[in-house]
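A.B. asks: give me a model of this one.
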Amino acid sequence: MTSLPETPQTRVGAAERDAAAERLQQAYAEERITHEEMEQRLQQALTATTRAELDLVTADLPASPPDDDTATIATAGGRIVRRGAWRVPRTLKVASAFGKVRLDLSHAIIEHQVVDIELGLGFGRATITVPHNATVDVDGVQGGWQDVRYRPPRHAVPGGPLIRITGAPGFGRLRVRHARSR
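C.D. replies: Below is the predicted model:
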């Protein structure tokens, strides 16, 4: 089925109105518009019903910046441990020359539908626990690893994030497992 092209009369929903409101608040934070302008435009954005009405309040603002949510965790020989309610960035780069890495995403705050974990293990080991409803892609783990263990669950649970794990050659061990369902 093909979708119709968007026209200025296309109706907008709450998600589009919320995105416009975020752009306006960002523009105010960057001192591109005054507080009064932000208030006035927010009112217009939150009550807009068509694409034309929504475009009118953001037309003179720069496009939203790309989502550059990347974090790096590195150690030469120590341990890297993340568990509990920690915020998982869109891209997580993990480097450990000789240490152990333990990432538990089962109770983590995952705001992105796709999370990329880039592993750089020398002689270390990594254990990654993903939420029970996550889909895991380990196809990006390059050869040279001593041991890569991942067994998909028997019954997939839809609606979870995609966790893509990549890694450069090393002599480390990688184990990926699913958390038990809650």
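A.B. asks: what packs against the lowest-mean-pLDDT helix or strand in the chain?
C.D. replies: For the chain, the helix or strand with the lowest mean confidence is strand 147-150, at a mean of 78 (criterion: mean pLDDT, DSSP states H and E). Strand 147-150 sits against strand 135-141, strand 173-178, with contacts defined as 3 or more C-beta pairs under 8 Å, 6 or more residues apart in numbering; DSSP states H and E. The C-beta positions use only the backbone N, C-alpha and C, and glycine is treated the same way.
A.B. asks: buried ones in the helix or strand that comes right after it?
C.D. replies: Downstream of strand 147-150, the first helix or strand assigned by DSSP states H and E is strand 162-167. Using 16 or more other C-beta atoms under 10 Å as the test for burial, strand 162-167 gives 163-167.
A.B. asks: got the phi and psi for the closest residue to residue 25 other than its chain neighbours?
C.D. replies: With C-beta to C-beta, 6 or more residues apart in numbering as the criterion, residue 25 has its nearest non-adjacent residue at 6.9 Å, and that residue is residue 38. The phi/psi pair for residue 38 (degrees, to the nearest 10) reads phi -60, psi -50.
A.B. asks: quick one: the longest helix seen in the chain to chain centroid distance?
C.D. replies: Selection of the longest helix in the chain by residue count, based on DSSP state H, yields helix 14-29. Relative to its parent chain, helix 14-29 has a centroid offset of 19 Å by C-alpha atoms, centre = their mean, to the nearest Å.
A.B. asks: and the contacts of it?
C.D. replies: Applying C-beta atoms under 8 Å, 6 or more residues apart in numbering, the contact partners of helix 14-29 are 33-35, 37-38, 41-42, 45-46, 48, 51, 54, 57-58, 61, 64.
A.B. asks: next: stretch 120-131.
C.D. replies: Counting by C-beta under 8 Å, 6+ apart, 93-106, 108, 110, 117, 119, 136, 145, 160-161, 163, 165, 167-168, 170-179 sit against stretch 120-131.
A.B. asks: perfect, that will be all.
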